[in-house]
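Undergrad: Show me the folded form of this:
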Amino acid sequence: MESPVAQKLEAILNLQNIDSRLDAIFKVRGALPEEVQDLEDEIIGYETRLNKFNTDIEAKEAEIKKNKDAIKESEKLIKKYQEQQMNVRNNREYDAITKELELQDLEIQVSKKKIAEAQVRIEEKQQDIADLKEILDDRQNDLDQKKGELDTIVAESESDEKKLKTEREKAAKKVEDRLIKSYDKIRNNAKNGLAVVLVKRGACGGCFNIVPPQRQAEIRERKKIIVCEHCGRILAGVEDEIVEEPTPKRKRSKA
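TA: Model (predicted):
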């Protein structure tokens, strides 16, 4: 009967084997998932800028309307003051009305200047929008292409991935939480995703540093969980080399 430690090592090694098969599936996808995500984030950024440009244009259009309304109001007042000017009783009233007319004329000039400036800003924003839409279309085409490539690759391995994920869920339940945490931590720090390895040809199967014979003997016993002193990976067992016996040479018969 296997010892509790041996059972733990078998369980964690099985989990590693499943994860390695999943890693192989994800490796085929390469950098496509990250590229798709980056393009999606970039497009969101462009769309946010596009919305801001449109908001700026709406604000300028509102400003133009406000100034046009102000011009109309000034024109009404000018007409009113001109009628009053025809019925003044003295020079003081005439001068006062003349100043009001000049003031309203100045208001009209200022409003027209603001309208012209706002129209220039709208034209600039419209050009910015046109340029941004061109970039956005290019990025969207890139995204559609990469998404298509990724969807094709995912579809090819979808069944295997789903099956392995189900197996992984079952396998993970057989490993205690403390060991799972250590396993995940080692995997996250390992470039090749290997947290549990065998000793092969006298060396760690992860970092390939030599494992002393005495240490190998302890690993074989499976009485405690042993990690590589160089890389920290869990050493789940020792893979014995299969030595092939040389094929005996056939003797030539004497003629």
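Undergrad: Which stretches in the stretch 51-200 of the chain count as strands?
TA: 196-200 (DSSP state E, counting those that start in this stretch).
Undergrad: low pLDDT regions in it?
TA: For the stretch 51-200 of the chain, applying pLDDT under 70 flags no range at all.
Undergrad: burial count for Pro213?
TA: Residues near Pro213, counting by other CB atoms under 10 Å, number 9. C-beta coordinates here come from the backbone N, C-alpha and C atoms, glycine included.
Undergrad: quick one: it and Val5, what's the gap?
TA: The spacing between Pro213 and Val5, counted by CB to CB, to the nearest Å, is 20 Å.
Undergrad: separation between the residue nearest the centre of the chain and Ile43?
TA: Nearest to the mean C-alpha position of the chain, by CA atoms, centre = their mean, lies Gln37 at 4.2 Å. According to CB to CB, Gln37 and Ile43 sit 11 Å apart.
Undergrad: How about Val211?
TA: The gap separating Val211 from Ile43 is 51 Å, by CB to CB.
Undergrad: These two: which is more packed in?
TA: Between Val211 and Ile43, counted using other CB under 10 Å, the more crowded position is Val211 (22 against 16).
Undergrad: Contact partners for the residue nearest to the more buried one when sequence neighbours are not counted?
TA: Of all residues not flanking Val211 in the chain, Val199 sits nearest, at 5.0 Å (CB to CB, 6 or more residues apart in numbering). Applying CB atoms under 8 Å, 6 or more residues apart in numbering to Val199 gives the contacts Gly205, Val211, Gln216, Ile219, Leu235, Gly237, Val238, Glu239.
Undergrad: Same check on Leu32?
TA: Per CB under 8 Å, 6+ apart, neighbours of Leu32: Lys146, Glu149, Leu150, Ile153.
Undergrad: Recalculate using a threshold of 6 Å.
TA: Contacts for Leu32 (CB atoms under 6 Å, 6 or more residues apart in numbering) come out as Leu150.
Undergrad: wait, which of the contacts of Val199 is closest to Asp137?
TA: Taking CB to CB as the measure, Asp137 lies nearest Gly205 of the contacts of Val199, at 49.7 Å.
Undergrad: Sweet, I'm off.
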